[in-house]
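S.K.: have a look at this prediction, sequence included:
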Amino acid sequence: MTDAYSLNLRHLRMLPALAQAGSISQAAKLVGVTQPALSQALLKLEGAFGTELFQRHADGISLTQDGAKVLDRVDRSLASLAQAFRFSSNGLRQAEPVRFLTSAHLRGLLTVAEQGSFVAAARAAGVSAPAVHRAVRDLEALAGAPLVVRRGRGIGLSRAGHTFARAFSICLSELNAALDECSARGGRITVGAMALSRSLLLPATLATLLRERPEARVDVVDGSYLELVGLLRSGRIDIIIGALRAQPDSDIRQETLFIDQLTIIGRAEHPLAKKEASFADLACYPWIVARRASGLLERWQQIFDRAGVPRPDAPIQCGSVSLIRGVLVQSDFMTLLSRTQVSAEIEAGLLIQILSCIPDTPRAIGAITRLDWHPTELQERFLAILRQVGTKQVSDRI
């Protein structure tokens, strides 16, 4: 199966000239190659995408519908690469350094970033270690900055390296999207799943999507917002589902699906089960709280800080709802959680909502994407189903 790494970047850079010139002979002059070489490059691209990109006429060529889609993705991918060089010291001295990039450069830097060594990167890429080393060093010469630095016994990316790796990932994401849009392989979507989305929202959405599109491929990555947002920014995740941020960064778009209510949850036989707990009561029992730097942890802290009372003892920090449920059922621990996440245990009579002087805390649940994300048709359908499922969850609560 063709993937983005197998595409020839030099050939891809010729597509805008072909579209602009409207003829192969004129485009050949623009890009500085012979007409036969450009014709051969176009044939190879059409073979890779599995579709005709240009219609041939007596007086020239014109983009097909698939060709227009591919060109749009290619323009976006090349713009991402060019953006990386704007932050490099060599970018101002060398004309169009992007034109020297190859797929080997992209694969070399990204596999080194993922694997942490040249040897492991070579093994993952299926090439020799000297080939990976050479690709990275050639790329550093183009960038005019060190991209890979020694860290202890391994290696990692420099600040410039992270910039280039993110640009390369977005480039590959756009090219893979172009391949999906022009093929019959069904398309793909990678979803970042925060805790609440894993119980009802995402399962219902995926079940509906895959009934409609059984040929589609979905990759679900579990994690917290901080763990997932970096993958989102690099294009390795298409969309994150979960609790929205109160003040998202400027490169992030958020869409609210419904408002969830956080409440205090404990076991059915908890000592506080039959009374309205005061702050003093809540401080008498241990708590399970979310992990550091999470929105849920901040909300739990704010409940007690705003009331001017000491925070209760919280010996367990955990992001796994299944583990939290297991501890709650077997102890007097309490936690701040959505009823939706423990609905099965509540219906089974194992867990309950602990009534207290603290009102339920609302939070927005929704979809998080890059501001410049351009979804494929399959990804658009996923979003449409997600909105329908979110609306149903709201109606079910009324």
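M.R.: The structure has been received and is ready for your questions. Numbering: from 1, shown residues only.
S.K.: partners of the strand ranked longest in the chain, with directions?
M.R.: As assigned by DSSP state E, the longest strand anywhere in the chain is strand 252-267. The sheet places strand 252-267 alongside strand 334-338 (antiparallel), strand 351-353 (antiparallel), strand 361-370 (antiparallel), with pairing taken from DSSP bridges.
S.K.: the ones you listed: which one's closest to S320?
M.R.: The closest approach between S320 and any of those, judged by C-beta to C-beta, belongs to strand 334-338 at 11.6 Å. C-beta coordinates here come from the backbone N, C-alpha and C atoms, glycine included.
S.K.: still on that earlier bit, following element in sequence after the longest strand of the chain, please.
M.R.: helix 279-282 (DSSP states H and E).
S.K.: show me the contact partners of the next helix or strand after that following helix.
M.R.: Using DSSP H and E, the helix or strand that directly follows helix 279-282 along the chain is strand 287-289. Strand 287-289 is contacted from outside by 296-297, 300, 312-314, 316-318, 324, 327-328, 333-336, using C-beta atoms under 8 Å, 6 or more residues apart in numbering.
S.K.: 6 Å - rerun?
M.R.: The contact list for strand 287-289, computed with C-beta atoms under 6 Å, 6 or more residues apart in numbering, reads L297, W300, P312, A314, I316, Q317, C318, I324, F333, M334, T335.
S.K.: who does it pair with, and is each partner parallel or antiparallel?
M.R.: In its sheet, and by DSSP bridges, strand 287-289 pairs with strand 316-317 (parallel), strand 334-338 (parallel).
S.K.: looking at the strands paired with strand 252-267, which is buried most?
M.R.: Compared across the strands paired with strand 252-267, strand 334-338 shows the largest average neighbour count, a mean of 24 (mean count of other C-beta atoms under 10 Å).
S.K.: and the strand or helix carrying L81, what does it pack onto?
M.R.: Element membership of L81 [criterion: DSSP H and E] is helix 65-86. Helices and strands touching helix 65-86, by 3 or more C-beta pairs under 6 Å, 6 or more residues apart in numbering; DSSP states H and E, are helix 15-21, helix 159-181.
S.K.: give me the next element, helix or strand, following that helix.
M.R.: helix 103-115.
S.K.: related to what we said a few turns ago, so which bits of the longest strand of the chain are buried?
M.R.: The neighbour-count check on strand 252-267 (16 or more other C-beta atoms under 10 Å) flags I252, L257, F258, D260, L262, T263, I264, I265, G266, R267 as buried.
S.K.: pLDDT averaged over it - what is it?
M.R.: Strand 252-267 carries an average pLDDT of 94.
S.K.: what's next to that strand, contact-wise?
M.R.: Residues outside strand 252-267 that contact it (C-beta under 6 Å, 6+ apart) are 244, 248, 328-329, 334-338, 342, 351, 353-354, 356, 360-369, 371, 390, 393-394.
S.K.: ok, the residue in the chain sticking out farthest from the centre to L42 distance?
M.R.: Centroid-distance maximum for the chain: A58 at 44.8 Å, with C-alpha atoms, centre = their mean. A58 sits 17 Å away from L42, going by C-beta to C-beta, to the nearest Å.
S.K.: now swap in D372 and tell me
M.R.: 28 Å.
S.K.: and what of C182?
M.R.: C182 is 14 Å from L42, by C-beta to C-beta.
S.K.: same question for L157.
M.R.: To L42, L157 is 35 Å away according to C-beta to C-beta.
S.K.: with just CA atoms, put the longest strand of the chain into CSV.
M.R.: Taking Å, rounded to 0.1, in the frame of the first residue of the first chain, the C-alpha atoms of strand 252-267 are listed here in CSV:
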residue,chain,number,x,y,z
ILE,A,252,-6.4,25.2,18.9
ARG,A,253,-10.1,25.1,18.0
GLN,A,254,-12.7,23.8,20.4
GLU,A,255,-16.3,22.7,19.8
THR,A,256,-18.6,22.1,22.7
LEU,A,257,-20.8,19.0,22.4
PHE,A,258,-22.5,19.0,25.8
ILE,A,259,-22.1,20.2,29.4
ASP,A,260,-21.1,17.5,31.8
GLN,A,261,-21.6,17.7,35.6
LEU,A,262,-18.8,16.6,37.9
THR,A,263,-20.0,15.2,41.3
ILE,A,264,-18.6,13.4,44.3
ILE,A,265,-18.7,9.6,43.9
GLY,A,266,-18.2,6.9,46.5
ARG,A,267,-19.3,3.3,47.3
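S.K.: start to end distance for stretch 192-207?
M.R.: One end of stretch 192-207 to the other measures 16 Å (C-alpha to C-alpha, to the nearest Å).
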